[in-house]
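Enquirer: Quick check, what structure comes out for this input:
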Amino acid sequence: MPNYRRNRIEGGCYFFTVNLLVRKQTPLLVNNIDLLRDVVKRVRTRYPFHIDGWVILPDHMHCIWTLPLGDMDYSNRMRLIKGMLSKGLPKAEWLSPVRHRKGERGIWQRRFWEHTVIDDKDYAAHMDYLHYNPVKHGYVDHVSEWPHSTFHALVNKDVYPLNWGAVDASLPVGEPG
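Expert: Residues are numbered from 1 along each chain as shown. Have a look, this model is predicted:
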């Protein structure tokens, strides 16, 4: 049995990738964006965390959270978000015998990918990666065209220029490194 080890730092900053079990089949996350937002709001009420950046794509999402000082329990927060969203959706997905036996839904991959952000350069690279993802996957040609991310809020705070991350080579920024 695998031994999954997670890096946990009190008050740490973390980058996450969370995938649907069946990708490229349904735009489940963007079709249920209001439910997802409500779930995140409810989880944050019980277990606060700062949302540094977030992008919701049809079949996966990336986010960066900073936890409060003295707190390192991001796994519980992610478990609650995934579970509460699943409970809010109609049961229409196919279930493997194993998932059926364990009483699981067939919506999410069981685990998520986490990376502890180590410094300002790492933070900037992951924020850029997160916000550029809709362009990377071909959903839009300009980051500003994707409505389901924190990009516009960060433009309003002068963190990013509105034309950042465009496919068009005449614009100043291409894919983040």
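
Enquirer: from what I can see Val39 touches Met78, true?
Expert: No: with the criterion set as CB atoms under 8 Å, Val39 and Met78 do not qualify as a contacting pair; they are 11.2 Å apart. (C-beta placed from N, C-alpha, C; glycine too.)

Enquirer: same for the helix or strand bottoming out on mean pLDDT in the chain, what does it pack against?
Expert: With mean pLDDT, DSSP states H and E as the measure, the helix or strand of the chain carrying the lowest mean pLDDT is helix 97-102 (a mean of 74). Using 3 or more CB pairs under 8 Å, 6 or more residues apart in numbering; DSSP states H and E as the contact test, no helix or strand touches helix 97-102.

Enquirer: could you point out which element follows it?
Expert: Read in the C-terminal direction, the helix or strand following helix 97-102 is strand 113-116, with elements assigned using DSSP states H and E.

Enquirer: Okay, now the sheet partners of that following strand, with direction.
Expert: Strands adjacent to strand 113-116 in the sheet, as given by DSSP bridges, are strand 13-19 (antiparallel).

Enquirer: residues of the helix or strand following the partner strand that come out buried?
Expert: The helix or strand immediately downstream of strand 13-19 is helix 28-31, counting by DSSP H and E. Neighbour-count burial for helix 28-31 flags 28-30 (criterion: 16 or more other CB atoms under 10 Å).

Enquirer: repeat for stretch 21-41
Expert: 21, 28-30, 32, 36, 39-40.

Enquirer: what's the answer for stretch 59-75, then?
Expert: Buried residues in stretch 59-75, counting neighbours by 16+ other CB under 10 Å, are found at 59-67, 71, 74.

Enquirer: Same list, these, but as TSV with distance to Gly53 please.
Expert: Supplementary listing: these in TSV, determined by distance: CB to CB, whole Å:
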residue	distance to Gly53
Asp59	19
His60	15
Met61	11
His62	8
Cys63	7
Ile64	4
Trp65	9
Thr66	10
Leu67	15
Asp71	19
Tyr74	15
